[in-house]
Structures are given as structure tokens and as C-alpha cells.
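Colleague: sequence? don't have it. structure:
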């Protein structure tokens, strides 16, 4: 009999502020087995105090205090074990990925499930921030095949800060020259989701081998607008659902085939949000 593994991922936009606004109540109600957080912006003691003793917690803080930060937590007594091992290195030795990439191996019903919580740079066109973003995406292209070889049940979750296709951004026409929807950024995702081993013609006219990973959100939702995971704090973006789908579950084919349920926990009203991102919650049958 298959084991249900519920994995939730969310950019909390500061975990202490999120808890003040109601994140704890959401978590208590969702029966999550593995929780992935991005933009934690807090110390280990803060996270441990907020989540409590019922979780096995891993946290990688950013080099700059108060910035970025990613975490993974498995609920004690749940389908997922305590982490068997974890890793934080990504890219070349001189590349600072601290606070943006955290891998952990968990045992679920005798299988090793590898989960990565990641927070890709937002980037700004024609600035060093965009250069760092491309370095990060390039490093992902190298690391993903290694992860797939490590475990056929591997998953990248988090705020990837790129809308892959026009379906992923409500106002895509107005964002074609902005970070988050540049052709060069989207091309990386063409390759990540492209058929394994085949030459992929990317949206920016470059070519490269496909990696064969699966966009769980798009697989589950189908060819529809969104469903979105982030809305600007400005104007009426949330109320009019003028959003971006930039928070992903990116799975190996074997894990993607086990998806039983995919949900975006969008708040019922603007003033009930505890982050500008909504949690992405997926049930896998292991």
C-alpha cells in the first residue's frame, strides 16, 4: 500500500513576520510531512522556536544577515524520517549560494526521497544581480542530472523567480523585458523540462540537451492560465488574480508519476495573507 507524502513549499517573506500574520495556524491545519521554506530571514533559534519540538529542522542562512535563507523540516512521527544527509553546495567554489540551496535525503517507506528547497535570485536586468541569477541557473543545469542519478525520487521546490511560459504570468506581454520573464531565463526551463537526452530548441533560439524533469504544477493543472502563486503587494493584483506562477515543484519522472493531489493555498482575501506567495502543497504516493 502506498504511503502519502505531503510536501509543502512557500516563500514566507520573513518567517517571523509570517507567523505573526497567521502562518502557524495554516501549518497546524495542513498535516504536512516535509516543509520547505524560502526567504526565511531569521536565525536557527527563531525557526526552532516558531516550529516547535515536533520538527526535524535544517536551515541554511544567507551570507548577508537578514537576506534570503532556506529551510527544510520533516515532521516527527510523519511519513518522512529525520534527514539522513544534507548538502548546501551549488556551483563553483567561488560562487556564493548560501541561503539559496539546501538538499536533504529522507527515508519514506524504504525509499530515499531527496528534496531541495531553493530560492533563485530575483535579478534585475543589466545589473550584477542578473549575472548572479544566470550563474545560479547554470549551476542548476549541472546539479539536476547529478540529483536524478542520486535518487529517482528527487524534487526541487521553491521560489524559482521565473515564469516559464506565457500561461505562467497574467500580464506576460508587459513583462517580456523584465527579470522573471526574459527569454534567456525561460530557456533554462525549456531544458529542465525538455525530454531527456534530446536536443531542445529553446525560446531564446539557443539549443541544448533536455534534462527530463517534470513541472508538477503544469502537469496537474493542464494548459490553463496560472494557477498563480505570487501577487504584487501593489494595487489590486491579488484581488484581480494578476499573478505569476514562480513557485514550483520540479520532480524526477518517477516521483512526478506518483502525484495524487496538487494545491495552491491562496488566501481567501487580501488581508488574510501571511506572505505575498501562496504555499504549494503536493501529495505524493510513495
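Modeller: Arrived safely, thanks for sending. This structure is a prediction, so every number in the text was calculated from the model and none was measured.
Colleague: Need the three-state assignment for residue 26.
Modeller: Applying DSSP: H, G, I helix; E, B strand; the rest coil to residue 26 yields a three-state assignment of helix.
Colleague: What residues does it make contact with?
Modeller: Contacts for residue 26 were tallied using C-beta atoms under 8 Å, 6 or more residues apart in numbering; they are 265, 274, 279. Just so you know, the C-beta spots here come from the backbone N, C-alpha and C atoms, and that holds for glycine as well.
Colleague: Can I get the buried part of those as one PyMOL selection?
Modeller: Typed into PyMOL, the next command selects the buried ones out of the contacts of residue 26 (criterion: 16 or more other C-beta atoms under 10 Å):
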select buried, resi 274+279
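Colleague: Show me the helices in the stretch 151-286 of the chain, by range?
Modeller: Secondary structure of the stretch 151-286 of the chain, counting by DSSP state H, counting those that start in this stretch: helices at 183-193, 216-221, 253-256.
Colleague: Could I get the buried residue list for the second one?
Modeller: Of the residues in helix 216-221, those scored as buried under the neighbour-count criterion (16+ other C-beta under 10 Å) are 216, 217, 218, 220, 221.
Colleague: Nearest to residue 193 among the residues you listed?
Modeller: Within the buried residues of helix 216-221, distances to residue 193 taken as C-beta to C-beta reach their minimum at residue 218, with 8.1 Å.
Colleague: Report pLDDT for the closest one.
Modeller: In the predicted model, residue 218 carries a pLDDT score of 98.
Colleague: Now do it against residue 248, distance only.
Modeller: From residue 218 across to residue 248, the span is 9 Å (C-beta to C-beta, to the nearest Å).
Colleague: hmm, back to that, just the contacts of residue 26 now: which is nearest residue 227?
Modeller: residue 265 (11.0 Å).
Colleague: Read off the pLDDT value for the closest one.
Modeller: At residue 265, the predicted lDDT confidence score is 98.
Colleague: can you tell me which residues contact residue 156?
Modeller: Remark: with contacts taken as C-beta under 8 Å, 6+ apart, residue 156 is in contact with 116, 118, 140, 144, 147, 213, 248, 249, 250, 251.
Colleague: next one: the helix or strand residue 142 falls within to chain centre, how far?
Modeller: According to DSSP states H and E, residue 142 maps onto helix 128-150. Taking the mean of its C-alpha atoms, helix 128-150 sits 14 Å from the chain's own mean (C-alpha atoms, centre = their mean, to the nearest Å).
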